[in-house]
Structures are given as structure tokens and as C-alpha cells.
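Q: the following block contains a protein sequence and its predicted model.
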Amino acid sequence: MKYLILAYGNQQDYDRLSGKDGGAAAPEVSAVDEFLAGFTGALADSGELVETQGLAAPVLARRLQLRDGAPVVTDGPFGETEEVIAGYWMVDCAGFDRATDIAAGLLKAPGRLADAGVVVRPVMGSESEL
């Protein structure tokens, strides 16, 4: 079954990793990059990785909502929270427990990823799963 593993962050995380505002030092950024490459590589090697993508900084997002019957566009994805999806891994594995074990591996990442947390959600494959 397929599962979506969502990693979270906020604009400050993106700024820090990009070096803005006295952000992270190069060794810290390299450590995060190396960790994520290893994590993703292990999933690919196991045959469980379907797809993975990191998302651009929240300041580059747009949020659309319907107000009085008309779409309203707001810069940034922010609703009630500043936490946003920073990236995802789609995995195809034996079950929810295995997907949870995979996601728990992300909590070993250097930096703030472990603090922001991850979420595992099953992907629906048919209407019977609604």
C-alpha cells in the first residue's frame, strides 16, 4: 500500500538553511543534505520509494480561498499556522507500521526537521477506501 510521509518546517527553517539572516553554517547544511540523500537512497535501494520532492520556501507560495463567491489570492500558504509542508516521500510498503518506521527515520535528521515532526498518511487507491 502507498503512504505519504510529510515533513514540516517554516519560513525561518528555509531562511536558516539558505544562509539568510545569519543562517546555518555550511557544515550544518551539508549534514542535512547528506542525511536526506542517505535516507532517500536507502528507500530507493529497498524498492519502497515511489517519489520524493522538497518544496520551495513558503514565501513563494500562494493560498487561494473563496470569499463571497470570488477567489482571493494571498501570498504564502499560511492559514492558522506558520508550519508548512517542506517536502514529502511517497512510499509503497508492506503496511502502516512499516511506513511509520520509515517516517521515524526522519526524526534522526540533524537540525530542526525532528522538532517539526513528520506525518504519515495512507494514500487512497479506490473509492472503497474513502
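A: Now that the structure is in, tell me what you want to look at.
Q: strands along this protein, start to end?
A: Secondary structure of the chain by DSSP state E: the strands cover 2-9, 49-54, 62-67, 70-75, 84-92, 118-122.
Q: between these, which one is nearest to residue 112?
A: strand 2-9 (7.0 Å; CB to CB). C-beta: built from backbone N, CA, C; applies to glycine.
Q: state which helix of this protein is the longest.
A: helix 26-46 (DSSP state H).
Q: how about low-confidence regions in this structure?
A: 21-24, 77-81, 126-130 (pLDDT under 70).
Q: let's see 80
A: 17-28, 76-82, 111-114, 126-130 (pLDDT under 80).
Q: tell me which residues touch the residue of the chain most remote from its centre, please.
A: Here the chain reaches farthest from its C-alpha mean at residue 68, the gap being 32.4 Å by CA atoms, centre = their mean. Residues near residue 68 by CB atoms under 8 Å, 6 or more residues apart in numbering: none.
Q: do you know how far it is from residue 13?
A: 35 Å (CB to CB, to the nearest Å).
Q: excluding residues flanking it in the chain, which one is nearest residue 8?
A: residue 116 (4.2 Å; CB to CB, 6 or more residues apart in numbering).
Q: again but with residue 110, I slipped
A: In space, residue 110 is closest to residue 31, 4.5 Å off (CB to CB, 6+ apart).
Q: so the one you found sits against residue 111, correct?
A: Yes. Contact criterion CB atoms under 8 Å: residue 31 and residue 111 qualify, at 7.5 Å.
Q: contacts only, for the residue lying closest to residue 109 once chain neighbours are set aside.
A: In this structure, residue 109 finds its nearest non-sequential neighbour in residue 35, 5.0 Å apart by CB to CB, 6+ apart. By CB under 8 Å, 6+ apart, the contact list for residue 35 reads 108, 109, 110.
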